[in-house]
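[1] dropping the sequence and predicted coords here.
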Amino acid sequence: MNDSSLLIRLAEDDDEFILALVPRFVDFTLPDWRRRHECIEGIRQDLLKHLEDQPANSYLFVAEDGDGERVGFIHLQRTADFFTGRSNCHISDLAVAPQHEGKGVGGALLAHAEQWARDHHCQMVTLAVFPGNQRARELYEANGYATDLLRLAKPVR
């Protein structure tokens, strides 16, 4: 599959497809203090809010292959950079259907985010990723993403 064989469009009635991919966000070793079911439910609730309420500066896109099959999605949010105040495009969520993994869908969704960011005069594209999500980290690094800030956590017991 190549970029030109994909159609990336705004999500419409794609709630079930998008929500079905939520477990992909925790399909790796999580930090010891994170519980898989809590992460899944938190991500699901956040996406549902964005799908139902369609808040300002939140954009969900779905990728379809040449046969019209949905193969992945990306959730973009326009944010203000903490340091400069300028506009950034934040990739809140990106998931590829398991049967389409390794076919260039993730790269095409990243390219879409970057073009969207240029079109909307954003200075940067940002994202967050769990350290154990090696698959995603390799995709991001292969596409030129590098560490900007590290978020450290310690559970309080």
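    Good, I have the coordinates.

[2] quick one, strands of this protein?
    For the chain, the strands defined by DSSP state E cover 7-10, 58-64, 70-80, 87-96, 124-127.

[3] redo those strands as a markdown table? Include distance to residue 149 and mean pLDDT.
    From N, CA and C alone the C-beta is placed, and that goes for glycine too. Below are the strands of the chain laid out as a markdown table (distance: least, Cβ to Cβ, whole Å; pLDDT from 0 to 100):
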| stretch | distance to residue 149 | mean pLDDT |
| --- | --- | --- |
| strand 7-10 | 28 | 97 |
| strand 58-64 | 22 | 98 |
| strand 70-80 | 13 | 98 |
| strand 87-96 | 12 | 98 |
| strand 124-127 | 9 | 98 |
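
[4] flag every buried residue along the helix ranked longest in the chain.
    Longest helix of the chain, by residue count under DSSP state H: helix 36-53. Within helix 36-53, the residues that count as buried by 16 or more other Cβ atoms under 10 Å are 39, 43, 47, 50-51.

[5] over to stretch 144-157?
    Here stretch 144-157 shows residue 145 as buried, counting by 16+ other Cβ under 10 Å.

[6] pLDDT of it, averaged?
    Mean per-residue pLDDT for stretch 144-157: 94.

[7] turn the strands of the chain into TSV, columns for distance to residue 141.
    Formatted as TSV, the strands of the chain follow (distance: least, Cβ to Cβ, whole Å):
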stretch	distance to residue 141
strand 7-10	22
strand 58-64	21
strand 70-80	18
strand 87-96	14
strand 124-127	12
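
[8] of all those, which one is nearest residue 34?
    Among the strands of the chain, strand 87-96 comes nearest to residue 34, with 16.5 Å by Cβ to Cβ.

[9] by how many degrees do the closest one and helix 36-53 diverge?
    When axes from the mean of the first three to the mean of the last three Cα atoms, to 10 degrees is applied, the directions of strand 87-96 and helix 36-53 differ by 120 degrees.
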